[in-house]
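Starting from these lines, generate the structure:
(chains A and B)
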Protein chains: 2
Amino acid sequence: MPLGENHGDKNDSRYCGIETEFNDDMPFVLSHNLNGGFDFVVAPLMEPNYRPSLIDNASKHSSVLPFAGSDLVLTPTQWSSHVVGKISSWIDLDSEDDVLREDSEIALKQELAWASHLSLQACLLPTPKGKSCGNYARCVNQILQNLNNMQLWLRIPLAKSDDDHPMMTSSDGMVVEVTDSWELWNSFRLLCEHHSQLSVALDIQSSVPSISSIERWYGEPVKAAFVHTECYLTNARGYPCLSKRHQNLLSGFFYYSIQIVLSGKPVHNVPAKSKPSAANQTDTVAQQLPRHDLRPYLDYVGYLYQSMDPLSEQERFELGYRDFLQSPLQPLMDNLEAQTYETFEKDSVKYIQYQRAVSKALMDRIPDDMASTTTAVLMVVGAGRGPLVRASLQAAEETGRKLKVYAVEKNPNAVVTLHSLVKIERWEKIVTIISCDMRCWDAPEKADILVSELLGSFGDNELSPECLDGAQRFLKPDGISIPSSYTSFIQPVTTTKLYNDVKLHKDLVHFETAYVVKLHRLAKLSPSQTVFTFTHPNYSPNKSNQRYKKLRFDIPIETGSTIVHGFAGYFDAVLYKDVHLGIEPTTATPNMFSWFPIFFPLRSPVYVKAGSPIDFHIWRCCGNTKVWYEWCVTSPTESPVHNSNGRSYWVGL
Amino acid sequence: MPLGENHGDKNDSRYCGIETEFNDDMPFVLSHNLNGGFDFVVAPLMEPNYRPSLIDNASKHSSVLPFAGSDLVLTPTQWSSHVVGKISSWIDLDSEDDVLREDSEIALKQELAWASHLSLQACLLPTPKGKSCGNYARCVNQILQNLNNMQLWLRIPLAKSDDDHPMMTSSDGMVVEVTDSWELWNSFRLLCEHHSQLSVALDIQSSVPSISSIERWYGEPVKAAFVHTECYLTNARGYPCLSKRHQNLLSGFFYYSIQIVLSGKPVHNVPAKSKPSAANQTDTVAQQLPRHDLRPYLDYVGYLYQSMDPLSEQERFELGYRDFLQSPLQPLMDNLEAQTYETFEKDSVKYIQYQRAVSKALMDRIPDDMASTTTAVLMVVGAGRGPLVRASLQAAEETGRKLKVYAVEKNPNAVVTLHSLVKIERWEKIVTIISCDMRCWDAPEKADILVSELLGSFGDNELSPECLDGAQRFLKPDGISIPSSYTSFIQPVTTTKLYNDVKLHKDLVHFETAYVVKLHRLAKLSPSQTVFTFTHPNYSPNKSNQRYKKLRFDIPIETGSTIVHGFAGYFDAVLYKDVHLGIEPTTATPNMFSWFPIFFPLRSPVYVKAGSPIDFHIWRCCGNTKVWYEWCVTSPTESPVHNSNGRSYWVGL
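This is a model prediction of the structure:
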């Protein structure tokens, strides 16, 4: 049964598995462990003493492979919902021993064919035995080319040492030399070209590596984490518990939908017949049957799961959008739909910030003693269905200033709503609606304040600079623009999920497009840095909205080596003086959901050795009919310049 | 509310709409008609007297388009679930009057932009006014290129006359000349390149055309059918009812998920305050409110809906597969999965036929007086998980004959199950399992009876001929093959849905592939004809499995002109003597679900003028490693030869 429900979402990490030994009687294995509270088993499929080379040729036509039971011993649903196949751990495809190597290849193929036949959701592949995994990867890659929907989980120890020649015990008890197990995974998956059905199962060790090296894994397709009973400590009452570092590790795994699998034999003498510990779930079935001997370990995992903070309202709203690539809006070329306005208008935090900014500007513009005699002219350019008109009028009321408002909007469908709004609210004497593109409107007078919300996820990417350059014609020389400036930010990230989603399209265009996306399964490799800044109004004589920025990102040495799949972008805007609005993670406006980050992909992931810097270049280019970005990496290796001449991705003027 | 639930599926035709007049007060229009029992309204969006040319240029920046209400008068869900936009019927894009033509284009774009803004599911386009619709189609085609998910329903009268110059009244009261309204639709959609968001709404007339001309429409994307109150007759008690031909028409529409929309004013004086007629639904809300004046017409539609036969078990099973393209299995190259065996094994009708065939063969082979002394050798080639072994043993028991069975199977995963089956059933002394490809098995003795189930949807397409040619080596010279022969069948069809689904892939390969598909939305244009026959065993000295067939299909003259999107294929097999098995629609074995038809697409749909024959050619080609089909049309026009050299689609040996 699931670990708990307090998390509020359909997170896979609610389900906890158990690693079992080979047993012919699969129905027993399954019922014993499901009754014991586990949701699935990671079970060997084949008798562990079987070696293909020991079968004599003559009997091959009549012999049957030594699988655990036949496909009929469980229902198709039981196989696919509750069994992960564990591939024989003796398999060593890079052995110097020819017989062992050939046996390994035959057995691996036989076991995976059987698992496919059963439509299992996943199989666990044993940890590569040595440093080199070329033949193992080739064989797995061959199988991946013709696999049904099954995932292959490559078992990798979660280990990274700062020593030069550290030793580590792998899952099958062999001692191997590993500096950073991420390198092993990275080699294997590069050989398999980031295949989307190849994923990772991490083996948690007694010692936990540094946080920044662990965070790399959150950008990788980690599906499961094995926790051995030997990793547990003992609490004051004799029950198993985990160290603080291990607890934090598991919380991270839960957050990223990584399933926990318990492994090993019980090593604690839990007080017999005592009352269930505080962490226990009440489970009437389990209370009647003999208690599963790993139940105290499972209960502790359930306790950790239930201790997590519930999702905030914003997180629940964003759940369905996580790591889902969207093309950025083209609000200049296209008209927004009613439902899009509806969503954005619900973002009350944003309009409260605008109202604060307008209030401050009005107070600065009109001294108290002139409030009753002076009327400020305020123009909302890109008024949509009217939320900024409302916020501006509320600011006027709050400050006791008099206002005349022009609402300029190019979308004739939104203008319909604006008219009905003005009628309902009886604003006819205060608000004039202009159905026109702000860039070509011939204004009858000049404005004290120009209010707009034309920002995209990367600030200038929805062409706010070009629109406001056009609109400042009708701003008084000392007039105020809200926003008064905005800046974009960027940082390198690991995100296998997004890289694979872009790759699915099998074309250049999608690798040269920037996407709006609620980033979730990613590793931020270095703090974000500022990119481009625009200020309004801008009266400089040689002004240009073209930009170029070169950035160097340093990755902390303790992170280890990494892979960069692309760059995550954000913005921050100064509305007026100290009133700002933004999504840069370290300074983001809380509870605002109008913008997700932007993602600039790389056509080929860039491997970055521990301690090497990343040099990134980005250009904002302007043509007569469009604006676009180009970008590239020049260190540690050169990437192609992406999106040359805006051939793949551009925003229309 | 839905018309009824007895149909057992999620069919769209449960929902009935009503065509309304322009009304500023959309909330009233919606609540009045929903309370009246309708599920959606087809409502004009724009004030019908509006003409863009009457708006003076000066006021354009401040004027607002005369739409019915603003987007805020209904919730986004109400707009998208309950409102179909009706585009102004005065629009005439092919008028000789320049002002009218230009006004039409502006208004059409404004109305469709507004409907997109509201995220309506569909808009109804008025019937083309004349015989020529080039400019109308160009304009709609432009809009389709950048449309959101909205469907455009082109309103077409359901009319076909055998006269030369018949007249017909269109929806807006104009008298137009039409021989066959399908031609109008066909021109329009060919101009729009079969765009998947362009569909049809049929206007039912007082007279109903011939059945075969109506059936053409079932292969077209008809989404709705309008029934005018004037089409109704009056029954003995003064209530509206429909003629038998109209009743059959509506049943067909229900079956093909075509929604009914009622239209017009009440023309019956339904007895006041009488008890509800037998056809009435009990609807407490509607009983309290004043009764909707079209309610008696709606009730009659509901009565027809509820009178339909409920879906059979087979139809319910097949619902989810309707018109869903699947690549044919490659059972020789690939191994089937457990779930596939599971599905096929459930088809009890098929195995009953096999059992009958084996029984008859055993009785012929072994006279009664030798039953106790003679043991027949029966080989199941391609035994899978054993269903034919079981059927054969049951036949032996039923006939009192003694049997020795060899079960030959190449899939090692299925062999695992076979072994466990033999053990559970205690068949060890009777059944020998051979884990081997039948084509290379060195049999220890020869068989009296060879039983196989290697047939695909098109009979020979899963390479039964090649497999059985290999297996007949171990059949006694007078031995029996079950099946003893099989024949493929084919017929031309209209199926816009499948054509568009193939086109989605944007490549040649998918247009040169044959698909397995549960055909539903299609028109069968001519009776199926036989294609290839294979007989087993085949001892002819120059035998070849290559085949060529040329077929001529005549379409009944009363059908009218048609379009061919491809060819539907079937098979029929003689298992033994009078025991057969097949899916050819007119002779199909009832309640058998192992096979769906096969579909051979055409790269370009072929227009066939009324009375013209279709000449179709198909080849079965054999190479060293693969077998494939090539096909083409030579009349009324030449298509390219499809799948030359098996470049796109083949079955591996």
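
A strand includes residue A:510, no?
No - judged by DSSP: H, G, I helix; E, B strand; the rest coil, residue A:510 forms no part of a strand; its state is helix.

what about it, neighbour count?
19 (other C-beta atoms under 10 Å in any protein chain shown). No exception for glycine: its C-beta is placed from N, CA and C like everyone else's.

now do the one 10 residues further on
Using other C-beta under 10 Å, the number of residues around residue A:520 comes to 19.

Show the backbone phi and psi for it.
Dihedral angles of residue A:520 (phi, psi; degrees, to the nearest 10) stand at phi -140, psi -70.

give me every residue that touches it.
A:256, A:322, A:323 (C-beta atoms under 8 Å, 6 or more residues apart in numbering or on different chains).

Could you dump those into a markdown table with pLDDT added?
What follows is the contacts of residue A:520, written out as a markdown table (pLDDT from 0 to 100):
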| residue | pLDDT |
| --- | --- |
| A:256 | 94 |
| A:322 | 94 |
| A:323 | 96 |
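
Produce a ChimeraX select command limited to the buried residues of the residues you listed.
In ChimeraX, this line selects whichever of the contacts of residue A:520 come out buried by 16 or more other C-beta atoms under 10 Å in any protein chain shown:
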select /A:256,322
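
Which one of the contacts of residue A:520 is nearest to residue A:399?
residue A:322 (40.7 Å; C-beta to C-beta).

I figured the closest one was touching residue A:518, is that so?
Yes - between residue A:322 and residue A:518 there is a contact under C-beta atoms under 8 Å: 5.2 Å.

Which neighbouring elements make contact with the strand or helix carrying residue A:84?
Here residue A:84 sits within strand A:83-86, counting by DSSP states H and E. Secondary-structure packing of strand A:83-86 (3 or more C-beta pairs under 8 Å, 6 or more residues apart in numbering or on different chains; DSSP states H and E): strand A:40-44, helix A:98-117, strand A:122-125.

Of those, which is nearest chain B?
helix A:98-117 (3.8 Å; C-beta to the nearest C-beta).

Next, see if the closest one gets close to chain B.
Yes - using C-beta under 8 Å from any C-beta of the partner chain, helix A:98-117 reaches chain B at A:110, A:113, A:114, A:116, A:117.

Please apply the same query to stretch A:489-507.
No - figure legend: stretch A:489-507 not in contact with chain B (C-beta under 8 Å from any C-beta); closest approach 11.2 Å.

can you give me the end-to-end distance of that stretch?
27 Å (C-alpha to C-alpha, to the nearest Å).

ok, now stretch A:21-40?
First residue to last in stretch A:21-40 (C-alpha to C-alpha) measures 14 Å.

Okay, now the sheet partners of the strand holding residue A:84, with direction.
If you go by DSSP bridges, strand A:83-86 pairs up with strand A:40-44 (parallel), strand A:122-125 (parallel).

From the rest of the structure, what touches the first one?
Taking contacts as C-beta under 8 Å, 6+ apart, the residues outside strand A:40-44 that touch it are A:15, A:17-23, A:26, A:29-30, A:33, A:68, A:81-88, A:124, A:261.

For that strand, the averaged confidence score.
Average pLDDT, strand A:40-44: 97.

ditto for stretch A:270-283
Mean predicted confidence for stretch A:270-283 is 54.

and residue A:424, how many residues sit next to it?
10.

er, residue A:75 actually
Residue A:75 - counted by other C-beta under 10 Å - has 12 other residues nearby.

do the same with the one 5 residues further on
Using other C-beta under 10 Å as the criterion, residue A:80 is surrounded by 18 other residues.

Likewise for residue A:438?
24.

and what of the one 3 residues further on?
Residue A:441: 20 surrounding residues under other C-beta under 10 Å.

Looking at the record's assignment, how would you partition chain A?
A:12-56+A:64-311, A:338-453, A:487-652 (automatic domain parsing).

Could you tell me how far the longest one lies from the centre of the chain?
On the basis of C-alpha atoms, centre = their mean, to the nearest Å, domain A:12-56+A:64-311 is displaced by 23 Å from the centre of the chain it belongs to.
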